[in-house]
Each structure stands twice: as C-alpha cells, then as structure tokens.
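Enquirer: Provide a 3D model corresponding to the input given below.
(one chain, ligands or ions: 2)
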Amino acid sequence: MILDTSDRSIAIAAAMLQAGRLVAMPTETVYGLAADASNADAVSRVFAAKGRPTNHPLIVHLPATAKLTQWASHVPDAADHLARAFWPGPLTMVLPRHASVLTAVTGGLGTVALRVPAHPAAQRLLHAFGGGLAAPSANRFGRVSPTTALAVDSELAGAVDAIIDGGPCEVGLESTIIAFVDGEATIVRPGAISPEALARVLGTRPRTAASSSVRAPGTLASHYAPATPLVLCSPDELARRAAFLVARGARVGVLSLERIEAPGVSVALDAGGDMGVLAHWLFSWLRLADKEDLDVLVVAMPPEEGIGLAIADRLRRAAHG
Ligand code: TXA
Ligand code: MG
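Expert: Ligands and ions are numbered 1, 2, ... in the order given. Just a heads-up that it's a prediction; the model follows:
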C-alpha cells in the first residue's frame, strides 16, 4: 500500500507501526524501513524483509532530542552540543545504550545508534507514533539505498506493509554516523554533515574510522552496489576510459560532477558542478544504470571534501568486487 502524507495517511501508518507492522518512511537522507523499536517481533521482521544479518545493528529514529535519555544511558556534553546543532537532521550518534533497548536493535552491542530526522513526514509520523522507530535504509541487504517511494517499492514490494511517499529525499545519501567511545568522537560513516561542520561544534576534528578501531558493523567494503559494474577514475581519465570501452563494443555510461564530453556513450550523467546535486542524484543514477542495461558505468571521482567524502565512500563500496 502506498500512502500519501495527509494527516489521515500518517495516522494510518502510525497505527500500523503500533500494531507491529512495517512502514517505509521518507527521511531527508534516504527512505527507511521503520518498525516499533520496542517490539522484538516487529524488529525481527525488518531483518527478514531486508535479508540483513541479525548482528548488523539498526538506527533508532526519535521524534525529538528530549527522548534521548530514554534510549542512551549516558549523553556526553559533546553529543548534547551536536544534537543542539544538527538535530533534526542527517546525523546519527552512537551512544551507550539504555538498559531497556532491545538486543535485536543493537545487534548485541553495548551502544545504540540514534537520530532525529528532519523530513516533515518522518517528523509527523514519529510524533503520531510516540516512541522510537528502528529504521534501516529500505533496500535489500547490500543494495543501493532508495531515495524515492518507487525505488522502495522495487526493492521491498511484498515485504513492507505500507510505503509513505514523501517525494525524493533531499540529501540522497545516508546520515553521517558519529560514535562516542571512551570519550572520543569518531566518524564511522561519512555523510552530509562534514567533518569540518562537526569540528566547528566539537572544537576538535573528530577521528575517522581509518584512524580508530571503532567500526559500524555492516559498513562492509562492498555495499550500496548496483548490478552494473562501476569503473572509478579521475575526471581527467573519464573520456579516455569511456572511449576505450565504447571501442570494444560495450554499452557505456559516464557519471561525473562536471560535464565531460565522452563520444559514443549510451548514457551521460553530470551534476553541473554541484556536489549537493551529485549526492542527491547518485543513488537514482546507479539504479538508472541497471535499468538502462549498461555493461559498465565509468565514474569520475569528486573532490573528497565536504559531502564529496561521503560520495566517494559510497562509490568505492558500490565498485568493490
Ligand atoms: O540516513 C540514514 O542513516 C538512514 C535513514 C533511514 O535514517 N538509515 C540507515 O540505516 O542508513 P542502515 O541500517 O542502512 O545503516 C545504519 C548503520 C549501519 O552501518 C550500522 O552498522 C550502523 O549504522 N550502526 C547502527 N548501530 C550502531 C552501533 N551501535 N554502533 C556502530 N554502528 C552502528
Ligand atoms: Mg543501509
């Protein structure tokens, strides 16, 4: 069932969630597959619907920052400052779990991932529901996260009880995840909230997973992958790489931040030089590559600054293997 964002539809969706059913909801990052985070049966259905290993923990979405202390046993000052600066918004914080949080949600970890999303429909749904909603991205395990209701439907048709169509997700990439472990902040997944933006609030630049042992279970080397093989290169190399593959008879697509001439390709995608536009469209374009039946998509890597860090991270995982 596809629902719109009318008050009536939001009320129906909230009632379904209270009854332990699964509802796909729009957020400003990507669509989430939501279930009552306090209902173990509902949470187990999320794992089944996605085909996701049960030791990969879920993010709990909250209506407001005030609920934080019901889910985290301790909130460091730094986390409190980040919540004030970035919530509601595309930031997830990993904090020590409250004793009442279900083991199924945290994958058995001593920590829990929490986020207050900004999308108006998600906000209204969370307020109508009242509690926390466990919501991984609404895709089959290992696949590209959906950024439209249609993409959710093609990923999870039949496995989800309702999909709320809140339009295309503004950001287009999953939230930045920051973990607070042993009093230190570590970015375990880059996203729209950049290390620079976090540093401005924290006063120091957070560590990255590369320089720390803290990990997000489930952020595998291969993830967010379309069926179409990707070739990653620098913008300078794109035209030559594409020409080589076209000459060998392949059906080639190209994807880049700035427009680059690549004669003979079947699909040419560019973000007009705007990194936010590239993030917004990236997952739709990876899906398009599959739909267009391309043999290969040649991608020019963006500069790895700001949201470009997150774009590059997702592209490497999409290309892995
Ligand atoms: O933007 C987003 O974050 C979206 C929307 C729906 O909110 N959600 C999302 O969920 O991307 P998911 O399940 O696809 O990714 C959640 C990531 C996983 O890589 C998981 O390992 C990590 O969060 N995570 C969850 N709990 C954690 C914990 N306690 N410690 C470390 N990482 C955790
Ligand atoms: Mg995911």
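
Enquirer: Just the local confidence number for the residue with the largest distance to the centre of the chain, please.
Expert: Distance to the chain centre peaks in the chain at A247, reaching 36.3 Å (criterion: CA atoms, centre = their mean). What the model reports as pLDDT for A247 is 98.

Enquirer: Now do the same contact list for L91.
Expert: L82, R115, S175, T176, I178, G191, I193 (CB atoms under 8 Å, 6 or more residues apart in numbering). Every residue, glycine included, has its C-beta placed from N, CA and C.

Enquirer: The residue lying closest to the last one once chain neighbours are set aside: how many residues sit nearby?
Expert: The shortest distance from I193 to any residue that is not its chain neighbour, by CB to CB, 6 or more residues apart in numbering, is 4.1 Å, and that residue is T176. As a burial measure, the neighbour count of T176 was computed by other CB atoms under 10 Å and equals 29.

Enquirer: pretty sure T176 contacts T186?
Expert: No - T176 is not in contact with T186 according to CB atoms under 8 Å; the separation is 11.5 Å.

Enquirer: hmm, who's touching the worst-scoring helix or strand of the chain on mean pLDDT?
Expert: The weakest-scoring helix or strand in the chain, judged by mean pLDDT, DSSP states H and E, is strand 207-208 (a mean of 88). With contact meaning CB under 8 Å, 6+ apart, strand 207-208 is reached by E184, A185, T186, I187, P190, P195, V214.

Enquirer: Which members of these are positioned in strands?
Expert: In strands, defined here by DSSP state E, the members of those are E184, A185, T186, I187.

Enquirer: Which of those residues sits closest to ligand 1?
Expert: T186 (9.6 Å; CB to the nearest ligand atom).

Enquirer: Surely that closest one and P195 touch.
Expert: No - counting by CB under 8 Å, T186 does not reach P195; the two are 10.8 Å apart.

Enquirer: ok, these two, which is more surrounded?
Expert: Set T186 next to P195 and count neighbours by other CB under 10 Å: T186 wins out with 22 against 19.

Enquirer: Could you check the pLDDT of the more buried one?
Expert: At T186, pLDDT is 96.

Enquirer: what's the answer for G183, then?
Expert: The score at G183 is 77. That number is its pLDDT.

Enquirer: what do you get for Y224?
Expert: 77.

Enquirer: Helix, strand, or coil at it?
Expert: coil (DSSP: H, G, I helix; E, B strand; the rest coil).

Enquirer: and it, what is it in contact with?
Expert: Per CB under 8 Å, 6+ apart, neighbours of Y224: G142, R143, V144, S145, F283, L286, R314, R317, A318.

Enquirer: What is the burial count for the last one?
Expert: A count of nearby residues for A318, using other CB under 10 Å, gives 25.

Enquirer: do you know how far the residue nearest the centre of the chain is from G32?
Expert: For the chain, the residue nearest the mean C-alpha position is E174 (2.2 Å; CA atoms, centre = their mean). Separation of E174 from G32 (CB to CB, to the nearest Å): 10 Å.

Enquirer: And P120, by the same measure?
Expert: On the measure of CB to CB, P120 and G32 end up 15 Å apart.

Enquirer: Ok, D161 next?
Expert: On the measure of CB to CB, D161 and G32 end up 14 Å apart.

Enquirer: just to revisit the earlier point, just the buried ones from the contacts of strand 207-208?
Expert: In the contacts of strand 207-208, burial by neighbour count holds for A185, T186, I187, P190, P195, V214, counting by 16 or more other CB atoms under 10 Å.

Enquirer: Out of these, which two sit at the greatest distance?
Expert: P195 and V214 (14.9 Å; CB to CB).

Enquirer: does S194 really touch A279, like I thought?
Expert: No - here S194 lies out of contact with A279, judged by CB under 8 Å, at a distance of 11.5 Å.

Enquirer: Leaving out sequence neighbours, find the closest residue to N55.
Expert: G107 is the one closest to N55 (CB to CB, 6+ apart), at 4.6 Å.

Enquirer: sorry, back to before: between D161 and G32, who's got more neighbours?
Expert: Taking neighbours as other CB under 10 Å, D161 and G32 compare with G32 leading, 30 against 17.
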